[in-house]
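Asker: Sequence plus the predicted model coming up.
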Amino acid sequence: MENRFDAALIGAGRNSLAAALDLSARGWSVGVFEQAPVAGGAVTTGGYTLPGFRHDRAAMNVPLFAGRPIFKACGKKPGRHGRALMHVGRPLASGFPDVSWAGV
């Protein structure tokens, strides 16, 4: 059986997922293809440092998506699949070996 799509997107990062939402809302048949086990690209969370700690891979990308019109139009849809943006008071910080830190 042959699959046919109006659009095929390679990679399931923030931009591809936003494009898929927008195109599918316009009635397009969209295929999204990702090699990683988890969709999201640079806005994924994982255990990248010490055991028990989870961090965003590239958290600076999240505000770029959250401020876009596509998020306002479709932002509640990921919540149906257990995903949500969490707003925090200190969104960006770097920790140092002497336990000091610098935050933005």
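Answerer: Nice, I can see it. Residues are numbered from 1 along each chain as shown.
Asker: So which residues of this structure form strands?
Answerer: For the chain, the strands defined by DSSP state E cover 7-10, 30-33, 45-46, 55-56, 93-95, 101-103.
Asker: ok, F96 to G103 distance?
Answerer: 12 Å (C-beta to C-beta, to the nearest Å). In short, each C-beta sits where N, CA and C put it, glycine included.
Asker: same deal with F5?
Answerer: 43 Å.
Asker: In terms of neighbours, single out the busier of those two.
Answerer: Looking at F5 and G103 with other C-beta atoms under 10 Å, you find the greater number of neighbours at F5, namely 13 against 10.
Asker: doesn't V30 make contact with A20?
Answerer: Yes. Using C-beta atoms under 8 Å, A20 is in contact with V30, at 4.7 Å.
Asker: joint contacts of the two?
Answerer: Counting by C-beta atoms under 8 Å, 6 or more residues apart in numbering, the shared contacts of A20 and V30 are A7, L9.
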